[in-house]
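In: Here you go, sequence then predicted model.
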Amino acid sequence: MIAIDFFCGGGGMTKGLMDAGIDVLFGLDSNPYCRDTYEKNNLIPYLCHDIQKVSSKELISKYPALKKNEDLLMVGCAPCQPFSLLRKGTEEHISVNLLSEFGRLMAELRPAHIIVENVPGIKGRGQDVLEKFLILLKENGYSHSAKVVNAKNYGVPQSRKRFILIASRIFVPKIPEFTHGDGFLPYKTVSDAIRKYPDLKAGEDNINIPNHRASGMSEKTLERIKATPHDGGGRLDWPDNLWLECHKNGFMGHSDVYGRMAWNSISPTLTVKCFSISNGRFGHPDQDRAISLRESAALQSFPDDYIFYGNMQEVGKQIGNAVPVLLAKHIGEYIKFNHNNTTQKY
């Protein structure tokens, strides 16, 4: 079974599919900063292209195996910004049509199976785009199942809700059953994921562990993290002199910013600014710093030998935007099993 990964970013979905035993031919994305991370870890090509300018004929000419569409899985994790509930304003985002472009290629390549991943908001803000894609699936003979799931229920040490769609021309799909949570295996925690890493100071880089690097802090921010109680404390615990001016005026904002993670809890949802304590509950449980890039990757279930390339901001984007590896692996295993054990089309 082969796969192609569109909007692949740093390769979380690709890594998970490969771990599931699926042969990924290439990843495609328009961000040139992801190339080194993707290719050096997965050892397959990274096609740096705008999907709106990609044709199926070009892809088939370069990868003839795509003609064997009965063995093909096509993945599309389009940028989530158009549908995110965190996005302000009502103007249409420039990336809103990328799922439609993925649908265009899907209709031309006619893969056996399809995975789409996005934020839950695609069922709200992106409902029109999603409905058009679902119509296209039906017109092309696909059965599908879609659901908002939480990555924590598949062994990822992070609360991360995502919209998952699985479609197939070979079998009638359903979203895979949970593996972790009430009645299943215990949730994986922050402690399970990052307690093993050595101590680090703010602004320090451990040269022996790839990406174990923590962002620097101003003197005032360092005061604030030191005043934040260990193991889950937050900014409401600070003395008055450390409060931000905007919070003194009665505007509380997001209560998680400047907070610490708790060892025996699940990590909050990581973002592209997961290395900064001013952007969420991204403080280390007991060290006076934000979690490192390596720790962020571990909370996204990347293995330690998966190395990210680029500056802190670029690596933060690659990690924060990634599909958790274990979630991708679980979905890949489900599709591969049904692909191999279905003797006829439904």
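Out: Perfect, thanks for sending it.
In: and P82, what pLDDT?
Out: Note on P82: pLDDT of 49.
In: Now P186. Nearest residue, chain neighbours left out?
Out: Of all residues not flanking P186 in the chain, H180 sits nearest, at 6.8 Å (C-beta to C-beta, 6 or more residues apart in numbering). (Glycine included, C-beta is placed from N, CA and C.)
In: For that neighbour, list the residues it contacts.
Out: Applying C-beta atoms under 8 Å, 6 or more residues apart in numbering, we find H180 in contact with K152, N153, Y154, G155, P186, Y187, K188.
In: Write the PyMOL selection for whichever of these are buried.
Out: Here is the PyMOL command that selects only those of the contacts of H180 that count as buried (16 or more other C-beta atoms under 10 Å):
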select buried, resi 152+153+154+155+187+188
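In: Widest-spaced pair of the contacts of H180?
Out: For the contacts of H180, the maximum inter-member distance is 13.2 Å, found between Y154 and P186 (C-beta to C-beta).
In: circling back: show me what the residue nearest to P186 bridges to in the sheet.
Out: For H180, the beta-bridge partners are L185 (DSSP bridges).
In: where in this protein is pLDDT low?
Out: By pLDDT under 70, the weakly predicted segments of the chain are 80-96, 124-126, 245-254, 343-346.
In: Mind jotting down where the strands sit in it?
Out: According to DSSP state E, the chain carries its strands in the segments 2-6, 23-29, 46-48, 72-76, 113-118, 143-150, 161-168.
In: Now do the fourth one: which elements does it pack against?
Out: If I follow you right, that is strand 72-76. Under the contact definition 3 or more C-beta pairs under 8 Å, 6 or more residues apart in numbering; DSSP states H and E, strand 72-76 sits against strand 2-6, helix 12-19, helix 98-109, strand 113-118.
In: CSV for these, including mean neighbour count?
Out: Listed next are the helices and strands packed on strand 72-76 as CSV, based on neighbours: other C-beta atoms under 10 Å:
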stretch, mean neighbour count
strand 2-6, 25
helix 12-19, 26
helix 98-109, 19
strand 113-118, 25
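In: I'd like these written out as TSV, with distance to D36 added.
Out: Output for these, formatted as TSV (distance: least, C-beta to C-beta, whole Å):
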stretch	distance to D36
strand 2-6	17
helix 12-19	14
helix 98-109	23
strand 113-118	23
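In: Tell me which of those sits nearest to K138.
Out: Ranking the helices and strands packed on strand 72-76 by proximity to K138 (C-beta to C-beta) places helix 98-109 first, at 11.5 Å.
In: That closest one - contacts with which helices or strands?
Out: Of the remaining helices and strands, those touching helix 98-109 by 3+ C-beta pairs under 8 Å, 6+ apart are helix 56-62, strand 72-76, strand 113-118, helix 127-139.
In: quick one: the longest helix anywhere in the chain to strand 161-168, angle?
Out: For the chain, the longest helix by residue count, based on DSSP state H, is helix 325-340. Relative orientation of helix 325-340 and strand 161-168, computed by axes from the mean of the first three to the mean of the last three C-alpha atoms, to 10 degrees: 20 degrees.
In: How about F308: what's its closest non-neighbour residue?
Out: Excluding the flanking residues, the one nearest F308 by C-beta to C-beta, 6+ apart is V315, at 4.4 Å.
In: Run a quick neighbour tally on that neighbour.
Out: V315 is flanked by 24 other residues according to other C-beta atoms under 10 Å.
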